[in-house]
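> task: produce atomic coordinates for the following.
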Amino acid sequence: MTQAYFLGIDNGGTMSKAAIYDARGKEISVATCRVQQLTPHEGWSERDMERLWTDTAAVIRQAIAQAGISSSQVQGVACTGHGNGLYLLDRHGKPLRNGINSSDERAQSYIDKWRENHIDEQVLPKTAQSLWAAQPAPLLAWIRDNEPEVFGNIGTILMVKDYIRYRLTGERRAEITDMSGTGLMNVVNVAYDASVPEAYGLPEITPWLPPLVESAETAGYITAEAATLTGLQQGTPVAGGMFDIDACALSSGILNPGQFSIVAGTWGNNQYIDRLPLVDKDLFMTSRYVIPGWFLMLEGSPTSAGNLEWFLETFFAHERMAFGDGFYAHIADMVSGTKPTSQVLFLPFLYGCNNGNLKGGFFGLDAAHGRAEMLRAIFEGVIFSHYQHIERLLKFRAFPEVIRLTGGAARNPVWCQMFADCIGIPVETPAGSELGALGAAMSASIATKYHAGFQQAVEAMTAIDKRYEPNPEYTAIYRAKYQAYRDLIKKIL
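Numbers count the residues shown, from 1 in each chain. I've put the predicted structure just below:
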């Protein structure tokens, strides 16, 4: 019998990735490409949609070549990607303008106005999430008022992974976990609701919302054109895929409320699942989880590992070249050479904030400190931002039994131990380097009937690689530093 493989595609905030897995979840190959970020104006974050597609096609070709397999052995494909932002097609299926990333801030004035007019309170019972600037609705309102020629030609509203799936299959579909996190759906009823766009003053957008598909439902097949560009076989089934927060949770084995999932990447996402949706003004977002009948409760902001990448690109260019593949181990060694008692604090708000409109910065530096202490402060500041979100979640539930950590921080053992020490709960990291792509591949394995359902796919394709137990002595130190971090924010606000 021919060996079966599954392709997961992940378009996040900074990278386009393609990874191939076997039916046991073994990672066969990974190919990546850095996303070209466009900032035509301050506060804007865009990407060229055609470039996004050709880059994604290139990493698919590369992943297949690296795997050393025939494309006929790829039994199924699925996509994941960052949530929210906006990717528009015209009525003929052509990209209308640059795609907009989830870190875009241009529409903040619309959020301010809607909150002033209590629109947030009006839609909350249905959307189950807060309003923020990079959701599709405020971005569409901005386009209506600033780019009317674009607005008048919209044919379809897509999320990033739905756009890539469209380019693979030619089918315009919206997958349900992703769309349930946009503020455009009735999350409680898990369906579109025309009253939601109407509340935003955007009644005309309802016909532009494409039909919904489930994560593990076949949503189309690889077209001849896509086969030529990607190296995939024409007719290969493509599953609905999922929101990247769901992909990371699923590939972490999140199947019950006793587990927490933390994604420490461009965004810092902190989440748990339950059978009942939580609707509360103090919760950032509730969305439909990848497993039908379950919901995902999330607190998050763009305050995570992206801060470290900025610092490294800005101040460690020479070391990155000199150390090559050992660069991040070198960074971890530098942090290990410092002590938790260091009083340097970092606010991880270079790309956004979970505390009003603050910007990032270091505090408490003196002449005795160097880059190593600044690196530790970044590691800690990111954890403190995550912990602030976790505290909000704990208003609604008890402490979890374990935290499953994914994202860039999960590749750094020193950082993982610091997460465990600071939060005071065991931290586990799943096996594999690209957990988002693995989650997508798992949905493809279910859609093609290689696994009977999500429980079976988790049992077959996921595993825990490492476990980090908290050090109570360090937990006490970090709790005091966390309080200093919170006090600093209060003083600045």
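
> what about residue 58, how many residues close to it?
17 (other C-beta atoms under 10 Å). Quick note: C-beta positions are derived from backbone N, CA and C, even for glycine.

> how about the nearest residue to it, chain neighbours excluded?
residue 33 (6.4 Å; C-beta to C-beta, 6 or more residues apart in numbering).

> check residue 458 too.
residue 253 (5.2 Å).

> pull the number of nearby residues for that neighbour.
18.

> same thing with residue 479?
Residue 479 - counted by other C-beta under 10 Å - has 15 other residues nearby.

> who touches the host helix or strand of it?
Assigned by DSSP states H and E, residue 479 belongs to helix 472-492. With C-beta atoms under 8 Å, 6 or more residues apart in numbering as the test, helix 472-492 has contacts from 340-341, 343, 345, 347, 355, 358, 363, 380-381, 383-384, 387-388, 418, 421-422, 424.

> show me where the stretch 1-150 of the chain dips below the pLDDT cut-off.
Scanning the stretch 1-150 of the chain for pLDDT under 70 picks out the ranges 1-2.

> mind jotting down where the helices sit in it?
Remark: helices assigned in the stretch 1-150 of the chain by DSSP state H, counting those that start in this stretch are 49-67, 108-116, 119-127, 136-146, 148-151.

> of all these, which lies closest to residue 438?
Evaluated over the helices of the stretch 1-150 of the chain, closeness to residue 438 peaks at helix 49-67, with 12.9 Å, by C-beta to C-beta.

> neighbours of the closest residue to residue 44 other than its chain neighbours, just the number please.
Distances taken as C-beta to C-beta, 6+ apart put residue 106 closest to residue 44, at 5.5 Å, once the chain neighbours are dropped. Per other C-beta under 10 Å, the neighbour tally for residue 106 reads 20.

> got a list of what the residue lying closest to residue 217 once chain neighbours are set aside touches?
For residue 217, ignoring the flanking residues on the chain, the nearest one in space by C-beta to C-beta, 6+ apart is residue 240 at 5.1 Å. With contact taken as C-beta under 8 Å, 6+ apart, residue 240 is in contact with 78, 165, 173, 175-176, 213-219, 443, 447.

> just residue 389 next, same as before
Per C-beta under 8 Å, 6+ apart, neighbours of residue 389: 268, 270, 284, 299-301, 354.

> before we move on, back to that, quick check: of the contacts of residue 240, which has the highest neighbour count?
Counting by other C-beta under 10 Å, residue 78 has the largest number of neighbours within the contacts of residue 240, with 35 neighbours.

> pretty sure residue 168 sits in a strand.
No: counting by DSSP: H, G, I helix; E, B strand; the rest coil, residue 168 falls outside a strand, being helix.

> looking at it now. What's its pLDDT?
Per-residue confidence (pLDDT) for residue 168: 98.

> what's the burial count for it?
29.

> now swap in the one 3 residues further on and tell me
Neighbour count of residue 171, defined by other C-beta under 10 Å: 16.

> now the one 3 residues further on
For residue 174, the neighbour count with other C-beta under 10 Å is 25.

> where along the stretch 251-400 of the chain do the strands fall?
Ranges of strands within the stretch 251-400 of the chain are 259-264, 268-274, 285-288, 295-301, 345-347, 361-363, based on DSSP state E, counting those that start in this stretch.

> out of the contacts of residue 389, who's nearest residue 372?
residue 268 (22.8 Å).

> ok, the closest one to residue 360 distance?
13 Å (C-beta to C-beta, to the nearest Å).

> for the two, list the residues in contact with both.
residue 348.

> the two - which one has more neighbours?
Set residue 268 next to residue 360 and count neighbours by other C-beta under 10 Å: residue 268 wins out with 29 against 18.

> for residue 433, see how far away the more buried one is.
For residue 268, the distance to residue 433 - C-beta to C-beta - is 19 Å.

> for residue 311, same thing?
Taking C-beta to C-beta, one finds residue 311 at 22 Å from residue 433.

> the more surrounded of those two?
Neighbour tally, residue 311 and residue 433, criterion other C-beta under 10 Å: the higher count belongs to residue 311, 20 against 13.

> what residues are up against that one?
The contact partners of residue 311, taken as C-beta under 8 Å, 6+ apart, are 374-375, 378.

> which of these count as buried?
374-375, 378 (16 or more other C-beta atoms under 10 Å).

> and stretch 398-418, what's buried?
400, 403-412, 414-418.
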